Structure formats: C-alpha cells, structure tokens
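In: Attaching a predicted model along with its sequence, questions to come.
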Amino acid sequence: MTIRRTLTLPAAAVALAALALIARAQQDKPKVGFQDTPMLPGGKWHVHDGERPQPPVVTPGTASTPEAAGKAPSDAVVLFDGKDLSKWQIHGKEPGWKVEDGAMVVPPSGTPNGGTITSKDEFGDCQIHVEFATPDPPQGRDQGRGNSGVLIMGRYEVQVLDSFENLTYADGGASAVYGQHPPQVNASRPPGRWQTYDIIFHAPKFKADGSVEAPATITALHNGVLVQDHVELLGPMAFRALARYSPHGPKGPLAFQDHGNPVRYRNIWVREIKAPE
Ligand code: MG
C-alpha cells in the first residue's frame with residue numbers, strides 16, 4: 001500500500017498539473033475564426049472554422065544562384081546537398097558517378113558502376129526539386145546533346161536534354177514527359193547554366209487485378225515556368241513504343257538516367273505529399 005501511494009500520488013499530481021497547463025493554454029489561445037458559418041462539404045468544418053487544425057510550420061528553403069545551390073525546405077528529404085552520394089546506389093553498389101564542385105556528374109561511358117543512379121529512399125506522391133546543367137561547350141545534336149532524365153519511381157521520365165537551340169522531336173525535349181507530353185513551352189537555359197525542375201508527381205494506382213485505377217500525373221515547372229499541367233501518363237518511359245503500365249507498389253526510387261553525356265546535378269530534394277485530412 002505504502003509503495004502504491006508513493007507512486008500514484010506524484011503521478012496524479014503530474015497529471016493534474018498537465019491538465020491545468022492544457023486548460024491554461026486553451027484559455028490563452030487567441031480566439032480566431034467562426035463557428036456560426038455554413039458547413040463546408042464533408043460536414044466536418046465550418047467556413048473559417050477556428051477549431052480547424054493549423055498546417056504544420058515549415059521553414060522554406062533558399063533560392064539557388066549560378067554560383068551556389070540553395071537550401072531545401074525544412075521538411076524535405078535531401079538526396080544530394082553537394083557533398084557525397086551516400087543516398088544513392090547503382091544496382092546495390094556505390095555509384096561510379098563523380099562528385100565535382102558540389103555537383104554529381106554522369107561519368108564517362110565504361111566507368112565501373114556507371115549507369116542509372118538510383119536513390120536508396122523510395123517515394124510515392126511527392127514534390128521533387130532537381131537542378132541540372134548540360135555540358136558546355138555542347139557536343140552532339142538532337143537526342144545526343146546533354147541527354148539524361150529524371151526517372152520518377154525509377155520509370156516515369158521527365159526528360160533532361162540540352163534543348164537550347166537544339167532540334168529534336170517535341171516529346172523528347174527538355175521537360176517533356178518522354179514519348180508522351182511535350183512541354184507547353186521550351187524554357188531551356190543555354191548549356192552549362194544551372195536549370196531547375198520542380199515536379200509534382202502523383203503515383204498511379206492499380207486495382208487488385210492489375211488494371212489501372214488512376215494513372216500517374218505530373219505537373220512540372222522548368223526554370224519556374226509551367227511546362228506540364230497535371231498531365232496523365234500512359235505508362236513508364238518507352239522508346240519508339242506506346243507506354244503501357246505494369247502494376248507496381250506505391251513507392252519507388254528517384255533515378256537519373258546515364259545517357260553517356262556528362263550532365264551535372266545539384267540540390268536534389270523530395271517532399272512527400274501527405275493526403276489532406
Ligand atoms: Mg533521357
């Protein structure tokens with residue numbers, strides 16, 4: 001009995017103190033909003049409802065300059081901050097890609113452990129920020145000039161290409177969904193300049209029988225300019241073929257294509273999109 005009392009009394013005191021604190025916090029909380037307003041569809045919240053949960057606070061990132069990469073927002077998963085390739089792999093091995101001057105660079109053909117570089121983390125619906133620079137001076141033409149690609153879930157490609165005064169087929173240029181959707185405009189910077197992709201990706205959903213319940217969608221900005229406006233994908237990247245879905249899980253890695261051109265990448269981060277409450 002004695003032991004029990006010595007344990008429960010302090011516990012009760014702590015609980016009471018906590019309750020008092022919560023009550024005080026409720027009292028001190030400034031009153032905002034309304035509850036005498038019409039209900040929003042869904043029947044959960046009034047218009048301007050003061051009790052509706054506040055959005056989480058995120059410290060925004062900083063913008064990049066030609067000289068230096070910016071910082072990611074506080075809630076982003078940073079996949080590359082200019083230092084090392086610890087968040088990446090190629091077929092389970094350390095990548096043969098190089099890190100030079102704060103950038104990760106597609107290696108020359110034949111480099112051991114070259115090829116498509118893949119993040120160790122996997123993502124479903126997400127916001128992706130990528131910066132890239134195509135080789136300067138430029139070499140080659142058409143699809144042979146500064147070719148790489150952002151492969152979302154390892155399979156849905158937003159094309160990376162030097163599309164500055166370089167003719168190629170429309171659905172194969174920079175910021176095209178390769179083989180499917182040309183960008184609305186060509187917002188490419190010249191070779192060697194840093195460029196940005198900001199991509200909102202929604203993963204496809206599959207039914208139990210493997211058929212498509214909802215296709216993947218992409219919204220993308222190239223150098224801050226809207227190039228893809230919630231386009232629906234026919235399937236993964238395909239060359240000279242019609243893309244077709246094969247069912248897969250809800251998450252996959254981010255990958256960058258090695259097309260044999262020394263394209264550079266920096267400031268790579270991903271924010272998972274959480275379904276709204
Ligand atoms: Mg490509």
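Out: Now that the structure is in, tell me what you want to look at.

In: How about the residue of the stretch 101-250 of the chain found nearest the ion: what's its closest non-neighbour residue?
Out: Proximity of the stretch 101-250 of the chain to the ion (Cβ to the ion) peaks at residue 149, 3.3 Å away. In this view, the C-beta of every residue, glycine as well, is placed from N, C-alpha and C. Spatial nearest neighbour of residue 149, excluding adjacent residues (Cβ to Cβ, 6 or more residues apart in numbering): residue 257 at 3.7 Å.

In: check contacts around that neighbour.
Out: Residues near residue 257 by Cβ atoms under 8 Å, 6 or more residues apart in numbering: 116, 147-149, 151, 157, 160.

In: where does the stretch 51-200 of the chain come near the ion, residue by residue?
Out: Residues of the stretch 51-200 of the chain that fall close to the ion, judged by Cβ under 5 Å from the ion: 147, 149, 159.

In: Among the residues you listed, the buried ones, what's the ChimeraX command?
Out: Selection of buried members from those for ChimeraX, criterion 16 or more other Cβ atoms under 10 Å:
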select :147,149,159
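
In: can you list the weak-confidence ranges in the stretch 151-277 of the chain?
Out: Along the stretch 151-277 of the chain, segments meeting pLDDT under 70 span 276-277.

In: The same query, at a cut-off of 50, please.
Out: Nowhere does the stretch 151-277 of the chain drop to pLDDT under 50.

In: What segments of it are strands?
Out: For the stretch 151-277 of the chain, the strands defined by DSSP state E, counting those that start in this stretch occupy 156-160, 195-202, 205-206, 212-214, 217-222, 225-232, 252-256, 264-272.

In: ditto for the stretch 1-150 of the chain
Out: With DSSP E, counting those that start in this stretch, the ranges of strands along the stretch 1-150 of the chain come out as 77-80, 88-89, 98-100, 103-105, 117-123, 126-133, 148-152.

In: How about residues contacting the first one?
Out: When contacts are defined by Cβ under 8 Å, 6+ apart, strand 77-80 is touched by residues 72, 87-88, 104, 119, 121, 123, 254, 265-272.

In: if I look at the residue of the stretch 101-250 of the chain closest to the ion, how far off is residue 128?
Out: Look at residue 149 and residue 128: by Cβ to Cβ, to the nearest Å, they are 13 Å apart.

In: which ones are touching residue 159?
Out: By Cβ under 8 Å, 6+ apart, the neighbours of residue 159 are 147, 149, 172-178.

In: Just flag the most distant two among these.
Out: With Cβ to Cβ as the measure, no two of the contacts of residue 159 lie farther apart than 147 and 177, at 15.3 Å.

In: Chain neighbours aside, what residue packs nearest to the residue nearest to the spatial centre of the chain?
Out: Residue closest to the average C-alpha location in the chain (Cα atoms, centre = their mean): residue 128, at 2.0 Å. Nearest in space to residue 128, with sequence neighbours left out and distances taken as Cβ to Cβ, 6+ apart, is residue 199 at 4.3 Å.

In: Is it possible to mark the buried ones in the contacts of strand 77-80?
Out: Burial by neighbour count, judged by 16+ other Cβ under 10 Å, picks out 72, 87-88, 104, 119, 123, 254, 265-271 from these.

In: Which member of these is positioned nearest residue 236?
Out: After measuring the buried ones among the contacts of strand 77-80 against residue 236 - Cβ to Cβ - the closest member comes out as residue 254, at 14.2 Å.

In: Would you check that the closest one makes contact with residue 152?
Out: Yes: at 6.4 Å, residue 254 counts as touching residue 152 under the criterion of Cβ atoms under 8 Å.

In: between these two, what contacts are shared?
Out: In terms of Cβ under 8 Å, 6+ apart, residue 254 and residue 152 are both contacted by the residues residue 128.

In: Can you say which of the strands of the stretch 1-150 of the chain is nearest to residue 37?
Out: That would be strand 126-133 among the strands of the stretch 1-150 of the chain, by Cβ to Cβ, at 31.6 Å.

In: Perfect, I'm done here.
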